[in-house]
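Trainee: Model the following, please.
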Amino acid sequence: MNLTEWLYKEGYKTVKHVGIGGKIADLIAYNDKEVVAFEEKKSADEIQTAIGQCLHYLEEANKVFIVLPFEVLKKHGIGLLFKGKDILKVIDAKYFDNSKDEILEKIKNKEEHLKEKPKRSVRFSGISEKDILKLLEKHSEGMKILEIAKVLNIPRQTISKYVYALVVRGLVEQREVGRAKLCFLKRRKK
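Mentor: The predicted structure is shown next:
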């Protein structure tokens with residue numbers, strides 16, 4: 001049974017390729033109470049695109065679905081879970097009998113590494129933690145991560161990594177001030 005037949009049995013009329021939310025939906029189902037948009041994809045590579053399109057459909061549709069052939073996931077052995085209040089397994093993942101020794105070693109090493117405090121300065125995108133420390137020293141009133149990112153002309157996500165490493169090492173502290181989280185140079189007690 002194809003999707004159009006199933007929708008007809010569920011009491012919907014259907015129409016293909018209709019503009020909704022500024023995009024063209026593959027299929028629209030409708031009845032007197034609601035409009036439902038469907039974005040059909042043929043490969044798992046297209047899921048990210050489908051999500052973006054569906055967000056546009058939400059502007060006008062009551063419900064939105066991504067339709068992906070079962071065979072696509074099954075062929076690759078990829079499982080499908082729905083995560084909400086409970087976990088619902090829709091498609092079970094195939095078990096691949098691959099050698100696990102190498103990846104297990106990496107995981108164990110990562111766990112051990114996370115237990116230790118970082119000993120050296122982390123370096124991203126051509127700047128060092130020292131640049132952040134110098135900046136915070138000049139701004140005793142504290143700075144938001146976004147402000148630090150703008151001054152140093154570095155992406156906010158990168159600055160977040162720096163600040164996290166500095167907080168773990170006890171060099172920087174963060175305080176919530178209203179809705180903002182301010183970063184301060186941690187003062188040493190004499």
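Trainee: Residue 73 and residue 43, how far apart?
Mentor: 10 Å (CB to CB, to the nearest Å). For the C-beta atoms, the positions are set from N, CA and C on the backbone; glycine is no exception.
Trainee: neighbour-wise, which of those two wins?
Mentor: The neighbour count for residue 73 versus residue 43, taken as other CB atoms under 10 Å, is higher for residue 73 (17 against 11).
Trainee: Tell me which other helices or strands the host helix or strand of the more buried one touches.
Mentor: Using DSSP states H and E, the element containing residue 73 is helix 70-76. Applying 3 or more CB pairs under 8 Å, 6 or more residues apart in numbering; DSSP states H and E, we find helix 70-76 packed against strand 87-91.
Trainee: change it to 10 Å
Mentor: On a contact count with 3 or more CB pairs under 10 Å, 6 or more residues apart in numbering; DSSP states H and E, helix 70-76 meets strand 80-83, strand 87-91.
Trainee: for the residue nearest to residue 145 when sequence neighbours are not counted, what are its contacts?
Mentor: Nearest-residue entry for residue 145: residue 159, 5.2 Å, with adjacent residues in sequence omitted and distances by CB to CB, 6 or more residues apart in numbering. Residues in contact with residue 159 (CB atoms under 10 Å, 6 or more residues apart in numbering) are 124-125, 127, 131-132, 143-152, 183.
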